[in-house]
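A.B. asks: Test case, fold it:
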Amino acid sequence: MDRRFSPTDFRERQGQAEQAARSGSWWIVPAPVVALVAVATMMLVPRPSFDDTRSEFEQVDSH
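C.D. replies: Residues are numbered from 1 along each chain as shown. From the prediction side, this is the model:
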C-alpha cells in the first residue's frame, strides 16, 4: 500500500506532534522543584537514633 501524503496531511500531523509536545512538557519545570523538596525534606527529618532502634536489633528470631 503506497499512500502519498499531501501537504495537508503533513501539516495536520505536524500540528498534532506540536500539541503533544506542548502538553507533555508541563512537568519539565516542576520536576526538579519536586525532587529538591523531597531531598530537603529527607535531610530535615531527624533519623531515629541507634538507642531508639536498639530493641529491633536485639530481638532474637524465634523461628
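A.B. asks: which regions of the chain lie under the pLDDT threshold?
C.D. replies: 1-7, 10, 20-25, 60-63 (pLDDT under 70).
A.B. asks: Grab the most central residue of it for me.
C.D. replies: residue 31 (6.7 Å; C-alpha atoms, centre = their mean).
A.B. asks: If you count neighbours, what's buried in whatever helix or strand it lives in?
C.D. replies: Secondary structure from DSSP states H and E places residue 31 in helix 30-44. Residues of helix 30-44 classed as buried: none (neighbour count, 16 or more other C-beta atoms under 10 Å). In this view, the C-beta of every residue, glycine as well, is placed from N, C-alpha and C.
A.B. asks: Show me the strands in the chain, by range?
C.D. replies: With DSSP state E, there are no strands along the chain.
A.B. asks: Okay, helices next: where are they in it?
C.D. replies: Ranges of helices within the chain are 7-24, 30-44, 50-58, based on DSSP state H.
A.B. asks: gap between the second one and the chain center?
C.D. replies: Here the centre of mass of C-alpha atoms in helix 30-44, compared against the chain's by C-alpha atoms, centre = their mean, to the nearest Å, lies 12 Å away.
A.B. asks: Many thanks, have a good one.
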